[in-house]
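> sequence first, then the predicted structure:
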Amino acid sequence: MRPHQKLDAWGKSVDLVVEVYKAAERFPKEEKYGLTSQIRRAGVSIPANIPEGAGRYSQNDFAHFLSNAQGSASELETELIIAHRLGYLSEALFSQLISDLERIGRLITGLTRRIRAN
């Protein structure tokens, strides 16, 4: 098992991506190259940045990629809000995705603090 696979931030963000993909499947077909694509890319970017940073040689590089993951989480949050306002996400699904995203944000923040403290 690679080191990043032991990180809750990585595991929970991979789980979120699966849920985001499932949710986006229900979006209108005309959103395929618009909001659906944006949501999926932002979602995938969160867990993708974690191992990219963990595989670097310095803690500063790792912290930089964790910052990128946090930025992607913020982007995804905005896109989920838009999808919800457009009626593409139910209130229950929207609330669950946002709650999961907030938890991931806290995990990334905690990991960043630990990395910077070392």
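Cool, the structure landed.

> quick one: what helix or strand has the residue nearest to the spatial centre of the chain in it?
The chain has residue 46 as the residue nearest its centroid, 3.8 Å off, counting by CA atoms, centre = their mean. Taking DSSP states H and E as the definition, residue 46 sits inside helix 35-54.

> before we move on, the earlier item: and the residue nearest to the residue nearest to the centre of the chain when sequence neighbours are not counted, how many neighbours?
Closest residue to residue 46 apart from its sequence neighbours, by CB to CB, 6 or more residues apart in numbering: residue 13 at 4.3 Å. Where C-beta positions appear, they are placed from N, C-alpha and C, glycine not excepted. Residues near residue 13, counting by other CB atoms under 10 Å, number 29.

> please look at the residue nearest to the centre of the chain and residue 73 and confirm they touch.
Yes. With contact defined as CB atoms under 8 Å, residue 46 reaches residue 73; the gap is 5.4 Å.

> sorry, back to before: surely the residue nearest to residue 46 meets residue 47?
Yes. Residue 13 sits in contact with residue 47 when judged by CB under 8 Å, with a separation of 4.0 Å.

> shared neighbours of these two, which are they?
residue 69 (CB atoms under 8 Å, 6 or more residues apart in numbering).

> buried sites along the helix holding residue 46?
Neighbour counts over helix 35-54 (16 or more other CB atoms under 10 Å) mark 35-36, 38-40, 42-54 as buried.

> returning to what we had before: need the overlap of contacts for residue 46 and residue 73.
By CB under 8 Å, 6+ apart, the residues touching both residue 46 and residue 73 are 13, 104.

> what about stretch 83-93, start to end distance?
Using CA to CA, to the nearest Å, one end of stretch 83-93 lies 11 Å from the other.

> buried residues, that stretch. List them.
Counting neighbours by 16+ other CB under 10 Å, one finds that the buried residues in stretch 83-93 are 83, 84, 88, 89, 93.
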